[in-house]
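Asker: Sequence and predicted structure, then a few things I'm wondering about:
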Amino acid sequence: MSNILKYNKKTNFMYGCGTGNTCNNMYGIIEVTDSAYGTDNAGYVVISQADSTVPTCFPPYAAENSANKRCNLLNPNNVTYPTTLAVANALTGESTSYYTKTEINYYTGTTAPITYLGINACASNSAKLGAKLPAYYLNTGSTITLSTCAITAGNALCLDGHLPAYYATSGATIYTLNSPATCTVGGVTPGYVLTGKPLQCIIQDAFAPYIAPTFSAFDFNVTSPIEVGAALLGSKTFTWSTTTSANICTNSIGICEVGGAVLGTGISNSGSCALSIGTKTNTAQTTWTWQITGCSTHSVGFNRNVSKCSIYPYYWGKITAGSRPAVTNIIVTGGTKVIVNSIGIVTIAFNSGAGDYTWFAIPATSTSKTCWYRTALDNGFMNRGCSTDKYPDECQLCITSGQGCWSNVCYKVYMSGGVGEIDTAICFS
């Protein structure tokens, strides 16, 4: 051959041996064209060309020796030569049983999968699917033991990347069809806006609708009315009851006197609380009102009031006498005292004998009485100035309480015109 070129495919260098020179022997012809291609005993491609000019810039050929010989193809470089056995093993896939993550990264040009394979990775990582261990997809009732390489036990309940709480509270499934509602289904009534609401909210509103809480009762341990002048002070036990208690915010109960002091706030919905009402002034007929308040879980306030009042009592009695008695303070305050409002109907059971006069006295602020009634056959008018009436007239007199609670209060007194047995209750109106 007039000119022989040797091409090292590994280093991209071409070596020339000159015209007529022999550069190792060619071992087999690869292709025959205008030039002959073959390989020499060092594994180089040898090109025979008649008129090629051999470049002089190529470095001289370095013979393979024990120092630059490699027995496998791992970590390739440009200064060592693999043996033919290494090449054969690489081509048949038997040079090693696996590649390290660094080798995979080198050959594929990708990021090393450090969490999947390799000597230092968790053994369970080789079982990952989509970067998740099997426990991520299985439910927590599985017998799988989660290793430190697992995500969290809660992820085992994931569905489409979300835990159950996501679907229970986030409103992930939104209603997008016809709206508003046109018929009543439980708590959903015509006009209810459906569009944009989570399906679970619509179901709840229909079959378990939210019910705003209320106070169904509220009171404290003072009997009302009380007599004018009686003491009203100190610690009292307030009691209450509520509806739909689950819909009441924690510690949102408050109690105050309307127009007065705040007695307590931040009270739990326990149904009972002792609070001081202070000292109430009670020198005349008075009404006091206390209020309990709460806040619903929808941030809506609700309340209930309780009122206590003081009044002047009414009195009644019977007197055994030979003639109609004159009305006096002693007669009135010596009778039976009743701390009940006497503005409307007053009912009295005199249980008088045949020789008794009967009487009653009401505060002047109460409505005058003009009729009495025992039965359909025993009733009549009164206070008409008629001597034949059972109670012919009304006498007004200033009275002072026998217990010193009040003084000089005007009363209307009705004394019977005659004696007689009254063995059943009689009503005055």
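Answerer: On my side now, so go ahead.

Asker: Show the low-confidence segments of the chain, by residue range.
Answerer: In the predicted model of the chain, residues 1-64, 90-172 satisfy pLDDT under 70.

Asker: in it, which spans are helices?
Answerer: Using DSSP state H, the helices of the chain run over residues 84-92, 101-108, 134-137, 164-169, 199-207, 329-333.

Asker: domain assignment for this structure?
Answerer: 4-63, 215-311, 314-428 (automatic domain parsing).

Asker: For the second one, measure first residue to last.
Answerer: Counting by Cα to Cα, to the nearest Å, the length from the leading to the trailing residue of domain 215-311 is 28 Å.

Asker: do you know how far the closest residue to residue 353 other than its chain neighbours is from residue 352?
Answerer: Once flanking residues are discounted, residue 353 sits nearest to residue 421: 5.9 Å by Cβ to Cβ, 6 or more residues apart in numbering. The way it works is simple: take the backbone N, C-alpha and C, and place the C-beta from them, glycine included. Going from residue 421 to residue 352 by Cβ to Cβ, to the nearest Å gives 6 Å.

Asker: more neighbours, those two?
Answerer: The residue with more neighbours, out of residue 421 and residue 352, is residue 352; 20 against 13, by other Cβ atoms under 10 Å.

Asker: That one against residue 358, yeah?
Answerer: Yes: counting by Cβ atoms under 8 Å, residue 352 touches residue 358, with 5.2 Å between them.

Asker: Kindly tell me how buried residue 342 is, as a neighbour count.
Answerer: 22.

Asker: how about it, what does it touch?
Answerer: When contacts are counted by Cβ atoms under 8 Å, 6 or more residues apart in numbering, residue 342 is found next to 314, 362-363, 366.

Asker: Can you tell me which of those residues lies closest to residue 387?
Answerer: residue 362 (22.2 Å; Cβ to Cβ).

Asker: my guess is the closest one contacts residue 344, does it?
Answerer: No: counting by Cβ under 8 Å, residue 362 does not reach residue 344; the two are 10.7 Å apart.

Asker: So which of the contacts of residue 342 are in strands?
Answerer: 314, 362-363 (DSSP state E).

Asker: if we take these, which one ends up nearest to residue 239?
Answerer: The nearest member of these to residue 239, counting by Cβ to Cβ, is residue 314 at 29.9 Å.

Asker: distance between the ends of stretch 307-315?
Answerer: 24 Å.

Asker: got the buried residues for it?
Answerer: By 16 or more other Cβ atoms under 10 Å, the buried positions in stretch 307-315 come out as 308, 310-315.

Asker: number of nearby residues for residue 228?
Answerer: 21.

Asker: Hmm, residue 310 and it touching each other?
Answerer: Yes: contact criterion Cβ under 8 Å: residue 228 and residue 310 qualify, at 4.7 Å.

Asker: Mutual contacts of the two, please.
Answerer: In contact with both residue 228 and residue 310: 282, 284-286, using Cβ under 8 Å, 6+ apart.

Asker: Give me the buried subset of the residues you listed.
Answerer: 282, 285-286.

Asker: Return the closest of the residues you listed with respect to residue 417.
Answerer: residue 285 (31.2 Å).

Asker: quick one on the thing from earlier: now render the domains of the chain as JSON lines, adding distance to residue 78.
Answerer: JSON lines is the format used below for the domains of the chain (distance: least, Cβ to Cβ, whole Å):
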{"stretch": "domain 4-63", "distance to residue 78": "6"}
{"stretch": "domain 215-311", "distance to residue 78": "75"}
{"stretch": "domain 314-428", "distance to residue 78": "115"}
